[in-house]
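with the input below, show me the fold.
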Amino acid sequence: MDSVLARVSEATGVPADLLGGFLSVLAASAATGRLPGRADMDGLRECGALAAERGIPLRVLADACLHAAEITAGGTFGAVRRGMAAYIEGYEEAQRAALRQEEEARRMFVDDLLQGRADAERAEHFGLRLAGAYVVTVARPDTPVAAGDPLAGRIEQALVARFGSHNILVAVRDGLLVCVSPGALTAASGEFTHRVRSALTDWRVGVGRPHQGPGGIVTSYREAVNAIDLGERLGLRAQVLKAADLLVFPVLLRDREAIVDLVSTVLGPLTSARGGPEPLLETLEAVFASQGNHTAAARRLGVSTRAITYRLERIRRLTGFSPSDPTQRFTLETAVLGARLLEWPAHPLV
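Residues are numbered from 1 along each chain as shown. Next up is the predicted model:
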(Lines give C-alpha, C1' and ligand atoms only; values in the text may rest on other atoms or scores of the structure.)
Protein backbone atom coordinates (compact mmCIF):
# COMPACT_ATOMS: atom_id res chain seq x y z
CA MET A 1 0.00 0.00 0.00
CA ASP A 2 2.86 2.38 0.78
CA SER A 3 4.20 2.02 -2.74
CA VAL A 4 0.78 2.84 -4.19
CA LEU A 5 0.48 5.89 -1.91
CA ALA A 6 3.89 7.10 -3.02
CA ARG A 7 3.05 6.66 -6.70
CA VAL A 8 -0.29 8.45 -6.45
CA SER A 9 1.12 11.26 -4.34
CA GLU A 10 4.03 11.77 -6.74
CA ALA A 11 1.76 11.69 -9.78
CA THR A 12 -0.91 14.07 -8.47
CA GLY A 13 0.80 16.18 -5.80
CA VAL A 14 -1.75 15.21 -3.14
CA PRO A 15 -0.03 14.45 0.20
CA ALA A 16 -0.01 10.77 1.12
CA ASP A 17 -1.62 11.37 4.53
CA LEU A 18 -4.81 12.43 2.75
CA LEU A 19 -5.00 9.27 0.64
CA GLY A 20 -4.15 6.45 3.09
CA GLY A 21 -7.71 6.14 4.33
CA PHE A 22 -9.05 5.93 0.79
CA LEU A 23 -6.67 3.12 -0.14
CA SER A 24 -7.65 1.23 3.04
CA VAL A 25 -11.31 1.56 2.03
CA LEU A 26 -10.56 0.21 -1.46
CA ALA A 27 -8.57 -2.71 -0.02
CA ALA A 28 -11.31 -3.60 2.48
CA SER A 29 -13.97 -3.41 -0.21
CA ALA A 30 -11.96 -5.64 -2.52
CA ALA A 31 -11.49 -8.21 0.26
CA THR A 32 -15.06 -8.25 1.63
CA GLY A 33 -17.20 -6.92 -1.21
CA ARG A 34 -18.78 -4.45 1.23
CA LEU A 35 -19.14 -0.72 0.88
CA PRO A 36 -17.33 1.53 3.35
CA GLY A 37 -19.04 2.07 6.73
CA ARG A 38 -19.84 5.24 8.65
CA ALA A 39 -16.47 5.46 10.42
CA ASP A 40 -14.63 5.15 7.09
CA MET A 41 -16.84 7.81 5.53
CA ASP A 42 -16.27 10.19 8.46
CA GLY A 43 -12.53 9.73 8.11
CA LEU A 44 -12.64 10.53 4.41
CA ARG A 45 -14.78 13.63 5.08
CA GLU A 46 -12.10 14.84 7.49
CA CYS A 47 -9.46 14.28 4.81
CA GLY A 48 -11.58 16.21 2.32
CA ALA A 49 -11.84 19.12 4.74
CA LEU A 50 -8.06 19.05 5.30
CA ALA A 51 -7.50 19.13 1.54
CA ALA A 52 -9.68 22.24 1.28
CA GLU A 53 -7.84 23.92 4.16
CA ARG A 54 -4.49 23.17 2.51
CA GLY A 55 -5.68 24.69 -0.76
CA ILE A 56 -5.63 21.50 -2.83
CA PRO A 57 -8.01 21.93 -5.79
CA LEU A 58 -11.00 19.57 -5.73
CA ARG A 59 -10.21 18.47 -9.29
CA VAL A 60 -6.72 17.36 -8.21
CA LEU A 61 -8.11 15.47 -5.21
CA ALA A 62 -10.65 13.66 -7.40
CA ASP A 63 -7.92 12.77 -9.89
CA ALA A 64 -5.82 11.29 -7.08
CA CYS A 65 -8.76 9.12 -5.96
CA LEU A 66 -9.36 7.84 -9.49
CA HIS A 67 -5.64 7.23 -10.01
CA ALA A 68 -5.48 5.22 -6.78
CA ALA A 69 -8.50 3.17 -7.84
CA GLU A 70 -6.94 2.60 -11.24
CA ILE A 71 -3.76 1.06 -9.88
CA THR A 72 -5.35 -0.82 -6.96
CA ALA A 73 -6.19 -4.38 -7.95
CA GLY A 74 -9.72 -5.48 -7.13
CA GLY A 75 -11.14 -2.10 -6.11
CA THR A 76 -14.90 -1.93 -6.55
CA PHE A 77 -16.62 0.91 -8.30
CA GLY A 78 -19.14 1.30 -5.46
CA ALA A 79 -16.36 1.88 -2.95
CA VAL A 80 -14.71 4.41 -5.25
CA ARG A 81 -17.98 6.28 -5.71
CA ARG A 82 -18.81 6.41 -1.99
CA GLY A 83 -15.27 7.26 -1.01
CA MET A 84 -15.07 10.15 -3.44
CA ALA A 85 -18.49 11.39 -2.27
CA ALA A 86 -17.20 11.52 1.30
CA TYR A 87 -14.09 13.41 0.25
CA ILE A 88 -16.21 15.94 -1.63
CA GLU A 89 -18.68 16.38 1.24
CA GLY A 90 -15.86 17.17 3.64
CA TYR A 91 -14.19 19.43 1.11
CA GLU A 92 -17.37 21.42 0.44
CA GLU A 93 -18.23 21.73 4.13
CA ALA A 94 -14.76 23.15 4.78
CA GLN A 95 -15.34 25.66 2.00
CA ARG A 96 -18.73 26.64 3.43
CA ALA A 97 -17.16 27.05 6.87
CA ALA A 98 -14.47 29.29 5.37
CA LEU A 99 -17.16 31.38 3.67
CA ARG A 100 -19.09 31.72 6.92
CA GLN A 101 -15.94 32.83 8.70
CA GLU A 102 -15.21 35.36 5.97
CA GLU A 103 -18.78 36.70 6.12
CA GLU A 104 -18.57 37.05 9.90
CA ALA A 105 -15.19 38.77 9.62
CA ARG A 106 -16.66 41.12 7.03
CA ARG A 107 -19.69 41.87 9.21
CA MET A 108 -17.45 42.67 12.18
CA PHE A 109 -15.21 44.82 9.99
CA VAL A 110 -18.19 46.81 8.68
CA ASP A 111 -19.43 47.38 12.24
CA ASP A 112 -15.96 48.54 13.31
CA LEU A 113 -15.54 50.66 10.17
CA LEU A 114 -18.79 52.56 10.77
CA GLN A 115 -17.87 53.12 14.41
CA GLY A 116 -14.33 54.33 13.73
CA ARG A 117 -12.54 51.24 15.07
CA ALA A 118 -11.22 49.74 11.81
CA ASP A 119 -7.47 49.50 11.25
CA ALA A 120 -5.62 49.93 7.96
CA GLU A 121 -4.50 46.28 7.72
CA ARG A 122 -8.01 44.87 8.01
CA ALA A 123 -9.31 47.54 5.66
CA GLU A 124 -6.76 46.52 3.01
CA HIS A 125 -8.03 42.93 3.28
CA PHE A 126 -11.49 44.16 2.29
CA GLY A 127 -10.23 46.46 -0.46
CA LEU A 128 -10.23 49.84 1.30
CA ARG A 129 -7.30 52.22 1.71
CA LEU A 130 -8.27 54.34 4.69
CA ALA A 131 -5.88 57.19 3.90
CA GLY A 132 -8.20 58.58 1.21
CA ALA A 133 -11.49 60.47 1.36
CA TYR A 134 -14.66 58.37 1.23
CA VAL A 135 -18.36 58.92 0.68
CA VAL A 136 -20.95 56.70 2.36
CA THR A 137 -24.29 56.17 0.63
CA VAL A 138 -27.09 54.49 2.56
CA ALA A 139 -30.29 52.94 1.24
CA ARG A 140 -33.20 52.39 3.61
CA PRO A 141 -35.81 50.03 2.12
CA ASP A 142 -39.37 49.95 3.40
CA THR A 143 -38.61 46.43 4.67
CA PRO A 144 -35.22 46.13 6.46
CA VAL A 145 -32.58 44.11 4.64
CA ALA A 146 -31.62 40.94 6.48
CA ALA A 147 -28.00 40.26 7.39
CA GLY A 148 -26.51 37.97 4.76
CA ASP A 149 -28.99 39.04 2.08
CA PRO A 150 -27.32 38.32 -1.30
CA LEU A 151 -28.54 41.68 -2.64
CA ALA A 152 -25.54 43.45 -1.07
CA GLY A 153 -23.14 41.06 -2.81
CA ARG A 154 -24.88 41.48 -6.17
CA ILE A 155 -24.73 45.26 -5.96
CA GLU A 156 -21.07 45.18 -4.92
CA GLN A 157 -20.22 42.87 -7.82
CA ALA A 158 -21.96 45.26 -10.23
CA LEU A 159 -20.02 48.24 -8.85
CA VAL A 160 -16.72 46.35 -8.95
CA ALA A 161 -17.41 45.30 -12.55
CA ARG A 162 -17.81 48.95 -13.50
CA PHE A 163 -15.28 50.74 -11.31
CA GLY A 164 -12.70 48.09 -10.38
CA SER A 165 -12.11 45.95 -7.32
CA HIS A 166 -10.44 48.49 -5.03
CA ASN A 167 -11.99 50.87 -2.52
CA ILE A 168 -15.67 49.89 -2.91
CA LEU A 169 -17.58 48.04 -0.23
CA VAL A 170 -21.31 47.26 -0.05
CA ALA A 171 -22.74 45.68 3.10
CA VAL A 172 -25.83 45.38 5.28
CA ARG A 173 -25.97 47.10 8.65
CA ASP A 174 -28.99 47.58 10.89
CA GLY A 175 -31.34 46.73 8.03
CA LEU A 176 -29.71 49.30 5.73
CA LEU A 177 -27.70 48.83 2.55
CA VAL A 178 -24.42 50.70 2.98
CA CYS A 179 -22.01 51.63 0.19
CA VAL A 180 -18.53 53.00 0.93
CA SER A 181 -16.77 54.47 -2.10
CA PRO A 182 -13.90 56.91 -2.79
CA GLY A 183 -14.84 60.57 -2.67
CA ALA A 184 -13.22 61.10 -6.08
CA LEU A 185 -15.41 58.38 -7.62
CA THR A 186 -18.54 60.52 -7.77
CA ALA A 187 -20.38 58.15 -10.13
CA ALA A 188 -20.31 55.32 -7.58
CA SER A 189 -23.14 56.76 -5.45
CA GLY A 190 -25.29 57.18 -8.55
CA GLU A 191 -24.60 53.62 -9.71
CA PHE A 192 -25.39 52.28 -6.23
CA THR A 193 -28.69 54.19 -6.26
CA HIS A 194 -29.47 52.83 -9.73
CA ARG A 195 -28.95 49.27 -8.50
CA VAL A 196 -31.12 49.91 -5.44
CA ARG A 197 -33.87 51.33 -7.65
CA SER A 198 -33.73 48.25 -9.88
CA ALA A 199 -33.91 45.80 -6.96
CA LEU A 200 -36.32 47.46 -4.51
CA THR A 201 -39.78 48.98 -4.69
CA ASP A 202 -39.96 51.30 -1.67
CA TRP A 203 -36.69 52.89 -0.66
CA ARG A 204 -34.92 56.13 0.16
CA VAL A 205 -31.23 56.91 -0.24
CA GLY A 206 -29.05 59.26 1.79
CA VAL A 207 -25.65 60.44 0.57
CA GLY A 208 -23.03 61.71 3.01
CA ARG A 209 -20.29 64.19 2.18
CA PRO A 210 -16.70 63.05 1.41
CA HIS A 211 -14.48 62.95 4.50
CA GLN A 212 -10.91 61.85 5.08
CA GLY A 213 -9.77 58.71 6.88
CA PRO A 214 -11.51 56.21 9.19
CA GLY A 215 -13.22 58.94 11.21
CA GLY A 216 -14.41 60.50 7.97
CA ILE A 217 -16.21 57.30 6.99
CA VAL A 218 -18.09 57.36 10.29
CA THR A 219 -19.04 61.01 9.76
CA SER A 220 -20.21 60.41 6.19
CA TYR A 221 -22.26 57.40 7.32
CA ARG A 222 -24.01 59.42 10.01
CA GLU A 223 -24.68 62.23 7.56
CA ALA A 224 -26.26 59.80 5.10
CA VAL A 225 -28.52 58.25 7.77
CA ASN A 226 -29.44 61.69 9.15
CA ALA A 227 -30.32 62.88 5.64
CA ILE A 228 -32.89 60.08 5.36
CA ASP A 229 -34.25 60.84 8.83
CA LEU A 230 -34.57 64.55 8.00
CA GLY A 231 -36.34 63.75 4.75
CA GLU A 232 -38.92 61.70 6.63
CA ARG A 233 -39.42 64.30 9.35
CA LEU A 234 -39.80 67.12 6.83
CA GLY A 235 -42.03 65.13 4.50
CA LEU A 236 -39.64 65.64 1.57
CA ARG A 237 -40.68 63.84 -1.60
CA ALA A 238 -37.21 63.21 -3.04
CA GLN A 239 -36.02 59.62 -2.82
CA VAL A 240 -32.35 60.62 -2.91
CA LEU A 241 -31.27 63.08 -0.21
CA LYS A 242 -27.78 64.56 -0.07
CA ALA A 243 -26.35 65.75 3.21
CA ALA A 244 -24.70 68.66 1.40
CA ASP A 245 -28.16 69.94 0.39
CA LEU A 246 -29.53 69.73 3.94
CA LEU A 247 -26.80 71.49 5.92
CA VAL A 248 -29.16 74.23 7.10
CA PHE A 249 -31.23 71.79 9.16
CA PRO A 250 -28.52 70.63 11.58
CA VAL A 251 -27.72 74.34 12.05
CA LEU A 252 -31.35 75.00 13.00
CA LEU A 253 -31.44 72.07 15.39
CA ARG A 254 -28.25 73.12 17.18
CA ASP A 255 -30.09 76.12 18.67
CA ARG A 256 -33.37 74.54 19.69
CA GLU A 257 -34.37 77.47 21.88
CA ALA A 258 -34.07 79.88 18.95
CA ILE A 259 -36.05 77.69 16.54
CA VAL A 260 -38.79 77.11 19.15
CA ASP A 261 -39.03 80.87 19.61
CA LEU A 262 -39.22 81.41 15.82
CA VAL A 263 -41.96 78.82 15.31
CA SER A 264 -43.94 80.06 18.29
CA THR A 265 -43.70 83.71 17.27
CA VAL A 266 -44.32 83.35 13.54
CA LEU A 267 -46.64 80.35 13.31
CA GLY A 268 -48.19 80.23 16.77
CA PRO A 269 -51.12 82.50 15.73
CA LEU A 270 -52.20 79.82 13.20
CA THR A 271 -53.54 77.72 16.08
CA SER A 272 -56.54 80.05 16.23
CA ALA A 273 -57.53 79.23 12.63
CA ARG A 274 -60.64 77.15 12.09
CA GLY A 275 -59.46 73.58 11.42
CA GLY A 276 -56.16 74.19 13.18
CA PRO A 277 -52.75 75.14 11.77
CA GLU A 278 -52.00 71.99 9.74
CA PRO A 279 -53.89 72.90 6.51
CA LEU A 280 -52.24 76.32 6.50
CA LEU A 281 -48.78 74.79 7.09
CA GLU A 282 -49.37 72.39 4.20
CA THR A 283 -50.35 75.33 2.02
CA LEU A 284 -47.13 77.19 2.84
CA GLU A 285 -45.07 74.07 2.14
CA ALA A 286 -46.76 73.60 -1.23
CA VAL A 287 -46.27 77.25 -2.20
CA PHE A 288 -42.57 77.17 -1.23
CA ALA A 289 -42.04 73.86 -3.06
CA SER A 290 -43.66 75.38 -6.16
CA GLN A 291 -41.49 78.52 -6.05
CA GLY A 292 -44.53 80.67 -5.34
CA ASN A 293 -46.62 79.32 -8.24
CA HIS A 294 -50.17 79.17 -6.89
CA THR A 295 -51.43 76.94 -9.69
CA ALA A 296 -48.71 74.35 -9.09
CA ALA A 297 -49.29 74.53 -5.33
CA ALA A 298 -53.03 73.96 -5.82
CA ARG A 299 -52.25 70.95 -7.98
CA ARG A 300 -49.98 69.52 -5.28
CA LEU A 301 -52.72 69.83 -2.67
CA GLY A 302 -55.63 68.88 -4.90
CA VAL A 303 -57.48 72.14 -4.26
CA SER A 304 -58.43 75.17 -6.35
CA THR A 305 -56.15 78.13 -6.95
CA ARG A 306 -58.74 80.30 -5.23
CA ALA A 307 -58.37 78.13 -2.09
CA ILE A 308 -54.60 78.76 -2.11
CA THR A 309 -55.13 82.50 -2.41
CA TYR A 310 -57.68 82.48 0.40
CA ARG A 311 -55.43 80.49 2.72
CA LEU A 312 -52.41 82.72 2.10
CA GLU A 313 -54.48 85.77 2.91
CA ARG A 314 -55.68 84.06 6.07
CA ILE A 315 -52.05 83.35 7.02
CA ARG A 316 -51.12 87.00 6.42
CA ARG A 317 -53.94 88.24 8.63
CA LEU A 318 -53.14 85.84 11.46
CA THR A 319 -49.34 86.11 11.46
CA GLY A 320 -48.59 89.36 9.72
CA PHE A 321 -46.27 87.48 7.32
CA SER A 322 -46.79 87.00 3.59
CA PRO A 323 -44.78 84.66 1.31
CA SER A 324 -45.08 87.24 -1.49
CA ASP A 325 -42.78 89.57 0.46
CA PRO A 326 -39.13 88.46 -0.12
CA THR A 327 -37.96 89.20 3.44
CA GLN A 328 -41.02 87.73 5.08
CA ARG A 329 -40.91 84.70 2.77
CA PHE A 330 -37.52 83.66 4.17
CA THR A 331 -38.76 84.00 7.76
CA LEU A 332 -41.93 82.06 6.99
CA GLU A 333 -40.10 79.27 5.15
CA THR A 334 -37.54 78.89 7.94
CA ALA A 335 -40.35 78.78 10.52
CA VAL A 336 -42.20 76.11 8.52
CA LEU A 337 -39.06 73.99 8.26
CA GLY A 338 -38.47 74.46 11.98
CA ALA A 339 -42.03 73.36 12.70
CA ARG A 340 -41.50 70.14 10.76
CA LEU A 341 -38.20 69.49 12.52
CA LEU A 342 -39.92 69.99 15.89
CA GLU A 343 -42.94 67.97 14.70
CA TRP A 344 -45.23 70.87 15.57
CA PRO A 345 -48.22 71.12 15.94
CA ALA A 346 -48.47 67.35 16.67
CA HIS A 347 -46.05 67.90 19.57
CA PRO A 348 -46.16 71.02 21.76
CA LEU A 349 -43.29 73.50 21.67
CA VAL A 350 -41.24 73.12 24.84
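
from what I can see Asn226 touches Leu241, true?
No - applying Cβ atoms under 8 Å, one finds Asn226 not in contact with Leu241, separated by 9.4 Å. C-betas here are computed from N, CA, C, even on glycine.

identify the contacts common to those two.
Between them, Asn226 and Leu241 share these contacting residues under Cβ atoms under 8 Å, 6 or more residues apart in numbering: Gly206.

give me the distance between the closest residue to Leu50 other than its chain neighbours and Ala64.
With sequence-adjacent residues excluded and distances taken as Cβ to Cβ, 6 or more residues apart in numbering, Leu50 is closest to Leu18, at 6.2 Å. When Cβ to Cβ, to the nearest Å is the yardstick, Leu18 and Ala64 sit 8 Å from each other.

swap in Ser24?
Taking Cβ to Cβ as the measure, Ser24 and Ala64 are separated by 15 Å.

same for the helix or strand that Ala161 is a member of, what does it pack against?
In the assignment (DSSP states H and E), Ala161 maps to helix 150-163. The criterion is 3 or more Cβ pairs under 8 Å, 6 or more residues apart in numbering; DSSP states H and E, and the helices and strands that helix 150-163 contacts are strand 169-173, strand 176-182, helix 187-199.

show me the contact partners of that helix.
Defining contact as Cβ under 8 Å, 6+ apart, one finds that helix 150-163 is touched by 145, 168-172, 177, 179, 181, 185, 187-188, 191-192, 195-196, 199.

show the buried residues in the residues you listed.
In these, burial by neighbour count holds for 145, 168-172, 177, 179, 181, 185, 188, 191-192, 195-196, counting by 16 or more other Cβ atoms under 10 Å.

re earlier: of all the helices and strands packed on helix 150-163, which one is nearest Thr334?
Using Cβ to Cβ as the criterion, the shortest distance between Thr334 and those is 28.8 Å, found for helix 187-199.

so what strands line up beside the helix or strand that the closest one is followed by?
Towards the C-terminus, the helix or strand next in line after helix 187-199, according to DSSP H and E, is strand 203-207. The pairing partners recorded for strand 203-207 under DSSP bridges are strand 133-141 (antiparallel), strand 240-242 (parallel).

tilt between strand 203-207 and helix 187-199?
Between the axis of strand 203-207 and that of helix 187-199 there is an angle of 170 degrees, by axes from the mean of the first three to the mean of the last three Cα atoms, to 10 degrees.

following element in sequence after strand 203-207, please.
Scanning forward in sequence from strand 203-207 by DSSP H and E, the next helix or strand is strand 211-212.
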